[in-house]
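**Q** coords please:
(one chain, ligands or ions: 1)
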Amino acid sequence: MINYTERIALLMEDVCRRVPRLSFIDLKEVLMFGRFGRPDAEGAFATCHCLTLPESEPGYYFWRDRATGELTRRSEWFVTKSPEVRIGGTKIKYLISFVLPRFCNQTLERSRKAELYAADAPPWLAKLDTVVHELYHIDPESAGIRKLIRADGTDSPHSHGPEFYEQVAEMVGEYLAACPDPSLYEFLKYDFNQLTAAHSGVVATTFKNFPSFPQRYMQAVEMPVEPLVKVEPLKPPSQPVLYTADDLQMRQFTEHTSRRLTRKGAHRAA
Ligand SMILES: [Zn+2]
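**A** A predicted model of the protein is given here:
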């Protein structure tokens with residue numbers, strides 16, 4: 001079977017080697033994983049998730065009496081934090097998720113990216129564009145998701161200005177002009193059904209709590225008590241706050257669903 005996240009990771013290594021603007025990225029600190037998404041449904045093809053965002057300021061939820069507007073109860077104080085992901089000895093800074101099978105069926109046709117490419121550009125360049133796009137979200141200052149700098153030097157509040165898409169298309173061109181080994185991007189030329197037929201299946205790294213994955217969570221913190229307001233305790237986090245290699249799992253994706261792969265010889269869970 002074809003390991004899609006592994007193929008993407010190998011391609012990304014080559015992209016970062018050949019595209020100067022992405023050469024600062026240390027892919028050991030970036031983990032690729034698969035999520036499920038139908039090809040015919042609206043939604044993202046891939047997403048860059050940052051794990052280095054600082055803890056939020058403490059806050060709480062509150063409820064008011066509808067008639068009087070008076071504070072009736074509040075939640076415990078909490079901060080919002082990123083979970084930690086450690087693979088071997090390395091702390092992962094970014095996760096990049098690929099939505100399967102949707103990503104595999106992406107094409108320049110009917111895409112607004114098409115205008116950034118030559119009319120005779122091969123349709124699968126849309127996928128290479130997404131790969132570069134997600135890498136470009138990685139912030140060289142390690143401060144989260146890259147902010148776009150406006151011409152006057154100020155930060156743009158939108159990380160997806162028109163310049164972002166243009167720069168991504170430029171880098172796709174730079175990469176291909178550097179004559180990479182075609183076997184590294186060959187897999188992007190095929191849609192999901194073609195890959196499934198050619199490799200008898202498409203698998204990807206996922207997290208064991210699939211369809212969940214490491215996401216920001218709330219953690220209760222001690223703060224000075226306010227008088228006379230009922231405090232609702234916060235639910236403890238329902239997902240892990242620390243993920244390691246043991247929390248990773250291979251899944252096979254099909255057009256309509258995904259299933260866990262059990263290693264041959266592994267004990268079946270009771
Ligand atoms: Zn984006």
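
**Q** show me what contacts the closest residue to residue 82 other than its chain neighbours?
**A** In this structure, residue 82 finds its nearest non-sequential neighbour in residue 51, 4.6 Å apart by Cβ to Cβ, 6 or more residues apart in numbering. For glycine as for every other residue, the C-beta is placed from the backbone atoms N, C-alpha and C. Residue 51 makes contacts with 82, 83, 84, 85, 92, 93, 94, 95, 214, as judged by Cβ atoms under 8 Å, 6 or more residues apart in numbering.

**Q** kindly recompute the last result at 10 Å.
**A** Residues in contact with residue 51 (Cβ atoms under 10 Å, 6 or more residues apart in numbering) are 29-31, 81-85, 91-95, 144, 214-216, 243.

**Q** equivalent analysis for residue 80, please.
**A** 53, 54, 55, 56, 57, 58, 59, 216, 217, 218, 219.

**Q** burial of the second one, as a residue count?
**A** The local packing of residue 54 (other Cβ atoms under 10 Å) involves 11 other residues.

**Q** look up how far residue 69 lies from it.
**A** Per Cβ to Cβ, to the nearest Å, residue 54 is found 33 Å from residue 69.

**Q** do the last one as well
**A** Using Cβ to Cβ, one gets 30 Å for the distance from residue 219 to residue 69.

**Q** how many neighbours does residue 205 have?
**A** The burial count for residue 205: 19, using other Cβ under 10 Å.

**Q** distance of residue 241 relative to residue 64?
**A** 31 Å.

**Q** so where do the helices sit in the stretch 1-150 of the chain?
**A** Taking DSSP state H, counting those that start in this stretch to define them, one finds helices in the stretch 1-150 of the chain at 4-18, 125-136.

**Q** please identify the most buried of those helices.
**A** helix 125-136 (a mean of 23; mean count of other Cβ atoms under 10 Å).

**Q** as CSV, could you dump the C-alpha coordinates of that helix?
**A** Output in CSV follows, covering the C-alpha atoms of helix 125-136 (Å, rounded to 0.1, in the frame of the first residue of the first chain):
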residue,chain,number,x,y,z
LEU,A,125,0.2,21.0,-9.7
ALA,A,126,-2.7,22.1,-7.5
LYS,A,127,-1.5,19.4,-5.0
LEU,A,128,2.1,20.5,-5.1
ASP,A,129,0.8,24.1,-4.6
THR,A,130,-1.0,22.9,-1.4
VAL,A,131,2.1,21.1,-0.1
VAL,A,132,4.2,24.4,-0.5
HIS,A,133,1.3,26.4,0.8
GLU,A,134,1.2,24.5,4.1
LEU,A,135,5.0,24.7,4.5
TYR,A,136,4.8,28.4,3.9
